[in-house]
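K.L.:
What follows is a protein structure lacking sequence information:
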């Protein structure tokens, strides 16, 4: 039997429907170890229910994923790691091309277990109207198909798991990621609300669906349910975390369920948030300014997933969940290693330089979630690594796409989300930052070789025992030049690099510090100081994580601050991000075309039909009629000459579906 470890300082008190645990045997075990993998052999009799299912247990290696990983250069070094089985549509229960069904996986697990304690990890993920704020992870069931969810999805899964042939396995479920947090942040008049999320909040099918799944699966004695709890870059703000815990508690007590059916929570599922930020903390300050005021942290209460997971657990217990609930952290893609990984704190010249220079997470914004460029494999799966944490796990199998970069016809209900498009400039949910997505990505869940190779190359801790394959760096970017400069912005362009496989993006450095990345050969640096010289270089990188030499340096001096003689003007443009027939969502960009900063602007939408309604996502506007005005939506402070900002707007209409026209007036 492999060595195991005690639950990290917390003991679960379960109701009598669960059998007593062998606490004495667990208490004698030592510090955390890597999750072991057992050899094939018949399973033993039913395993007693335990406090932490990962303690003393092997964990199932999915042969479908392992084969894909081993086929990649250097992938054999991690192909033996345990990953979760995703049941993300009804057909997945019996199996789909290239993916075994649930029974086949459980039969494999029995053989791998060799009669010893053994964990199988499942993702249960097919709610009606699934993931109402991310098109790439939409599901096959419509918003009202709660009956099909129960009888065609949850009931068949429960029937398989209850088979006595699998009673010796510890079955860990991740229950319905993303959807419950969407009810907090993307519904009910919030700045980021979508009509789809409003529908799901109103009909209650997320709450009732999760409650039904918990009740049905929780009745099986060897099933351990962990409910998805988002991540710190989503729910870490004071205004989100408390309501999120309340929504999860509501779901845990719906449709006949009780909190006893929740063994714990899982965070960072299929996401990229750093496990631990070693070079700054939420309590740091620079020149009297808290890091919470930095653009990156943006008043969040947490800077990484470990601190968030431990705090979430405390709040869940305070809200009425069992005092012994444990946490899982998905570390499959949050390593952020490679050449871009900081080696120390950022410069203390400002709070932004301090945070940006020292942060491990290199995304443009914590809301970016799709196939992130520069990411790496994170901590390998491990049992009881920190107080309150049952395990680090790989819920999202590394190398499986988050979503397609371009529209892909499919029968799985998965749409095209612009956050998976590397050219997308963002929306209100990520503060209008670039998406940071890798190009040429396939449908969500499909194997994405370029992503796997980049994750392997950028792994942290680094991967040993295998070759990362492609080691040829791209050519050095040439012809770096400035195409425009205002008092607060510098626009750059350069000649695209070449590579033996393909260039995936460029990192831009200002005065030696990375300030952003782009998939194309242009970039605009913002938030600068007037009449100041800045030194820029550009580095190209490929999917394997190889980086070019830095380009020749270019020094650009920003323009002088606008004086009283300047004038303000503005233009507005929009792009429809989602058209549902009787209305649409649009991303609107406002640009100051004048020669001086403007402290205000007004955009007017005009339609030709009747009974049109416009609604700015930040709650500033709700107005009916053929003319709708939005003033300073999602923007505070002066808009510099040449600078742009954006906001989201949703509109429903009846009568003529005439496209709106926009006009902008500087105030």
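P.N.:
Cool, the structure landed. Every value quoted in this text rests on a predicted model; they were computed, and no experiment measured them. Residues are numbered from 1 along each chain as shown.
K.L.:
Please count neighbours and contacts with C-alpha atoms only from this point.
P.N.:
OK.
K.L.:
Which secondary structure state does residue 250 sit in?
P.N.:
Here residue 250 is helix, with the state taken from DSSP: H, G, I helix; E, B strand; the rest coil.
K.L.:
could you pull out the helices for the stretch 151-300 of the chain?
P.N.:
Secondary structure of the stretch 151-300 of the chain, counting by DSSP state H, counting those that start in this stretch: helices at 155-161, 179-185, 195-203, 205-218, 232-235, 238-252.
K.L.:
how about these in TSV, adding mean neighbour count?
P.N.:
Shown next, in TSV, are the helices of the stretch 151-300 of the chain (neighbours: other Cα atoms under 10 Å):
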stretch	mean neighbour count
helix 155-161	17
helix 179-185	26
helix 195-203	19
helix 205-218	25
helix 232-235	24
helix 238-252	19
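K.L.:
Which of those helices sits closest to residue 370?
P.N.:
Proximity to residue 370 (Cα to Cα) singles out helix 232-235 among these, at 14.0 Å.
K.L.:
on that earlier part again, and the helices of the stretch 151-300 of the chain as CSV, adding mean pLDDT and distance to residue 88?
P.N.:
Converted to CSV, the helices of the stretch 151-300 of the chain look like this (pLDDT from 0 to 100; distance: least, Cα to Cα, whole Å):
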stretch, mean pLDDT, distance to residue 88
helix 155-161, 98, 12
helix 179-185, 94, 13
helix 195-203, 95, 18
helix 205-218, 98, 14
helix 232-235, 95, 22
helix 238-252, 95, 20
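K.L.:
out of those, which comes closest to residue 644?
P.N.:
Nearest of the helices of the stretch 151-300 of the chain (Cα to Cα): helix 232-235, 24.4 Å.
K.L.:
Report the distance from the closest one to the chain centre.
P.N.:
Centroid separation for helix 232-235 versus its chain: 9 Å, with Cα atoms, centre = their mean, to the nearest Å.
K.L.:
Can we start the residue count at 36 from this point?
P.N.:
Got it, first residue is 36 now, which makes that one helix 267-270.
K.L.:
circling back to that earlier point, redo the helices of the stretch 186-335 of the chain as a markdown table? Include distance to residue 509.
P.N.:
As requested, the helices of the stretch 186-335 of the chain are exported to a markdown table (distance: least, Cα to Cα, whole Å):
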| stretch | distance to residue 509 |
| --- | --- |
| helix 190-196 | 48 |
| helix 214-220 | 40 |
| helix 230-238 | 43 |
| helix 240-253 | 46 |
| helix 267-270 | 32 |
| helix 273-287 | 42 |
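K.L.:
Residue 589 is nearest to which of those helices?
P.N.:
Of these, the one closest to residue 589 (Cα to Cα) turns out to be helix 267-270, at 34.2 Å.
K.L.:
Quick check, pLDDT for the closest residue to residue 627 other than its chain neighbours.
P.N.:
Once flanking residues are discounted, residue 627 sits nearest to residue 605: 4.3 Å by Cα to Cα, 6 or more residues apart in numbering. Here the pLDDT value assigned to residue 605 is 75.
K.L.:
Quick one: the helices in the stretch 36-185 of the chain, in order.
P.N.:
58-62, 98-105, 126-129, 137-148, 181-183.
K.L.:
Tell me the buried residues in the second one?
P.N.:
For helix 98-105, burial by neighbour count (16 or more other Cα atoms under 10 Å) applies to 98, 100, 101, 103, 104.
K.L.:
Same list (the residues you listed) but as CSV, adding distance to residue 263 and pLDDT.
P.N.:
Below are the buried residues of helix 98-105 laid out as CSV (distance: Cα to Cα, whole Å; pLDDT from 0 to 100):
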residue, distance to residue 263, pLDDT
98, 25, 92
100, 22, 94
101, 25, 93
103, 26, 94
104, 26, 94
